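Chemist: Got a predicted model here, sequence first, then my questions.
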Amino acid sequence: MSAASPVVQLDDVHLSFKGVKAVNGVSLHVQPGELFAIIGPNGAGKTSLFNVISGVYRPQEGRVRFMGEDVLGKKPSDIARRGVARTFQNIALFEHLTVTDNLMLGRHQHIEYGWLSAFGWWGKAKTEEVQHRKVCEEIVDFLELEAWRGMPVGLLPYGVQKRVELGRALAMQPKLLLLDEPVAGMNLEETEDMARFVLDIRDELDVPIIMVEHDMGLVMDLADRILVVDFGTPITTGTPDEVQRHPDVIRAYLGQELSS
Amino acid sequence: MSTTTTTTGAPKTPRTPTPKRSLPGTARVSTKVSGRPGFYRSYSQELALFNTRPKQVAVAAVVLLGLLGPFVLEDALLRTLAIAFVFAIGALGLNIVTGLAGQVSLGHAFFLGVGAYTAAAISGDPEGRTIGFGIEEMWIWLPASGLVAAAFGVAVAPLATRLRGLYLAIVTLGLVFIGEHVFREWSDLTGGAGVGRSAATPQLFGFDFSEGTEMFSREQQLYLLMFVLMLIFALGARNLARSRVGRAFSAVRDRDMAAEMMSIDLPRTKALAFGISSFYAGCAGGLLYTVSGFFDPASFNLLLSVQFIAMVLIGGAGTVGGTIAGALFVSLLPTLTRELPAFIPLISQQVTETPNVFQVEQILYGLLIVVFLLFEPRGLFGIWMRIRIYWKSWPFSY
């Protein structure tokens, strides 16, 4: 472990639904500026881990600390306010709203005027709307969404929707970004674009990222460290090279010979 | 690229080959934009309420037309329209909770009733048969009726955090029945079933709108009053919809889990939606019976709630212009069906005969909701959009 205090730290987290053990004693920590990946076969509990971190599920055992603070049992909206942003495996955009409005919703916690000034929409409300609209434009610029700005996101192509969702998470100015399968269902070109964006986010914006992804090429290329889980149980954590050579990982993914 | 220019609406322009990153203030933004209407040069321009010329013209035309109404229309129609405007205020309220925030509420009639009785009690005669405090000034009783209804709305909101969709609809339906019972039994306040009480007096700074003057008839004054009030409420609703709060409402409607990840507090947001919606309903309730001057506790029934749902659905859920159009349409429907016997001799004016105009009216409500849901779920607003798009791209079909 390095000296810097971890952004997020999970200690021995257990989560089960009735008889099903979704997460079985996972511990992980992510350092500032790190790109951490979680991989594992389907149903391994990767998304469940995300849901634990963002407060959607409450684990029965274990501790979740974010920026040194215990966030276990906090409401998802509280945890989001502390700086955890995420994207979803199946896009969860507000599909009737435009790209700009979706990004503005990412800014929600940073916009401060109350509901009474909303009726007037002048003074503070107007100033803030304009100011945050400008921030959204920077994200539009960053993710090259210029052509789609005013369109309802429900009408956009899948790859662009994924990008808008990433933009919405970025608009929150997160301290930790959770990406749930950012390139699932994308073609090669879109995947490469997304990989570039993910690297830019880490390097230029200096946001630590936890990424769940099935595209092994992408994970091995991008990630600093990788956690492998199988049926909720952590197998190993390490650099891409270490993980690739780990016998248990090979067994989980490729199976083992019957005779052995 | 300079961040002071955006090209929404206008055809996309090729990017100028200026250096990509220039020092602030040195970016060459031409101050004279010629031959490019609809090219925004600042965000406040883009975010303005009526941000295109056609929108400005259309709204100005509608407002002007509305203001001209009293001088060309007959009193009977003006009266119907005045009531329709009040209905529009109520429908705007339902649009906030159901259209924007996506919480189906069948309890709108209840909140209307609460508002109506609050207004009537505050403005009522202290010496009279029913409770009254004798404060006839509208600027007191109108906000008060809204606030009391809003309090009830906020109290009901926790239901919405527990239930959704059909279940919420059924529970809010229960509210209407409880309300009906209380209004019927509490005769000190409501006058009791079949008796009723007089409504609030629409008096503003000593001027009573419900009494005709030399210049204007009673109907003309009430029409203008309600029209202006509706414009104010509509402006508020429109502003709300495009604000941080309105966006949060839409987020809760479209995907509540993702909304939470945007740090939107669901219980709080739903309570706010119910509160604001009920405020609108309460104000509409307070105003509604000032036109007729009298009302009965049986008015606040399920049918009234359904009428509001019809207004929002027919108009176009989630839109302010559509909701107003829907409210006017549904309110004027009886007037229109009354004219039917002149064209279709089969339909009778008499209640005792079948088919009569009243039956046709009832059938039309149901039929219209079904037809709109099937063929134009975006309501009258959707039809308007389609017309607009057609003319925008004319003579091409796309």
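Modeler: Noted; the coordinates are in hand. Numbers count the residues shown, from 1 in each chain, chains lettered A, B, ... in the order given.
Chemist: and stretch B:205-218, which residues are buried?
Modeler: Of the residues in stretch B:205-218, those with enough neighbours to count as buried (16 or more other CB atoms under 10 Å in any protein chain shown) are B:F209, B:S210, B:R218. To be clear about C-beta, it is placed using only N, CA and C from the backbone, and glycine gets the same treatment.
Chemist: Sorry, slip of the keys, the one I care about is stretch A:251-259.
Modeler: Counting neighbours by 16+ other CB under 10 Å, one finds that the buried residues in stretch A:251-259 are A:A252.
Chemist: just checking, what packs against the longest helix belonging to chain A?
Modeler: With secondary structure taken from DSSP state H, chain A has its longest helix at helix A:124-142. Contacts of helix A:124-142 with other secondary structure elements, assessed using 3 or more CB pairs under 8 Å, 6 or more residues apart in numbering or on different chains; DSSP states H and E, are made with helix A:99-106, helix A:115-120, helix A:158-171, helix B:43-46, helix B:244-254.
Chemist: As PDB, could you dump the C-alpha coordinates of stretch A:171-189?
Modeler: Written as PDB, here are the backbone C-alpha positions of stretch A:171-189 (Å, rounded to 0.1, in the frame of the first residue of the first chain):
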ATOM      1  CA  ALA A 171     -20.700  17.000 -14.900                       C
ATOM      2  CA  MET A 172     -20.900  16.100 -11.300                       C
ATOM      3  CA  GLN A 173     -17.200  16.900 -10.900                       C
ATOM      4  CA  PRO A 174     -16.800  13.500  -9.100                       C
ATOM      5  CA  LYS A 175     -14.000  12.600  -6.800                       C
ATOM      6  CA  LEU A 176     -14.500   9.000  -7.900                       C
ATOM      7  CA  LEU A 177     -16.000   7.700 -11.100                       C
ATOM      8  CA  LEU A 178     -17.600   4.300 -11.400                       C
ATOM      9  CA  LEU A 179     -17.900   3.000 -15.000                       C
ATOM     10  CA  ASP A 180     -20.100   0.000 -15.400                       C
ATOM     11  CA  GLU A 181     -19.100  -1.600 -18.800                       C
ATOM     12  CA  PRO A 182     -18.400   1.600 -20.600                       C
ATOM     13  CA  VAL A 183     -17.800  -0.100 -24.000                       C
ATOM     14  CA  ALA A 184     -20.300  -2.900 -23.800                       C
ATOM     15  CA  GLY A 185     -22.000  -3.300 -27.200                       C
ATOM     16  CA  MET A 186     -19.700  -0.800 -28.900                       C
ATOM     17  CA  ASN A 187     -17.900  -1.300 -32.200                       C
ATOM     18  CA  LEU A 188     -14.100  -1.000 -32.500                       C
ATOM     19  CA  GLU A 189     -14.000   2.600 -33.300                       C
END
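Chemist: and it, does that touch chain B?
Modeler: Yes - with CB under 8 Å from any CB of the partner chain as the criterion, chain B is reached by stretch A:171-189 at A:M172.
Chemist: that older thread, looking at the helices and strands packed on helix A:124-142, which is nearest to B:L166?
Modeler: The closest of the helices and strands packed on helix A:124-142 to B:L166 is helix B:244-254. By CB to CB, the value is 15.6 Å.
Chemist: That closest one versus helix A:124-142: what angle between them?
Modeler: Counting by axes from the mean of the first three to the mean of the last three CA atoms, to 10 degrees, helix B:244-254 lies at 60 degrees to helix A:124-142.
Chemist: Quick one: mean pLDDT for helix B:244-254?
Modeler: Throughout helix B:244-254, pLDDT has a mean value of 92.
Chemist: Figure out which of the helices and strands packed on helix A:124-142 is closest to B:V195.
Modeler: The closest of the helices and strands packed on helix A:124-142 to B:V195 is helix A:115-120. By CB to CB, the value is 37.9 Å.
Chemist: what residues does that closest one touch?
Modeler: The contact list for helix A:115-120, computed with CB atoms under 8 Å, 6 or more residues apart in numbering or on different chains, reads A:G123, A:K124, A:A125, B:G236, B:N239, B:L240, B:S243, B:R244, B:V245, B:G246, B:L272, B:I276.
Chemist: Any of those residues buried? List them.
Modeler: With neighbours counted by 16+ other CB under 10 Å, the contacts of helix A:115-120 contain buried members at A:A125, B:G236, B:N239, B:L240, B:S243, B:R244, B:V245, B:G246, B:L272, B:I276.
Chemist: gap between the fourth one and A:L103?
Modeler: Using CB to CB, to the nearest Å, B:L240 is found at 20 Å from A:L103.
Chemist: likewise B:G315?
Modeler: 29 Å.
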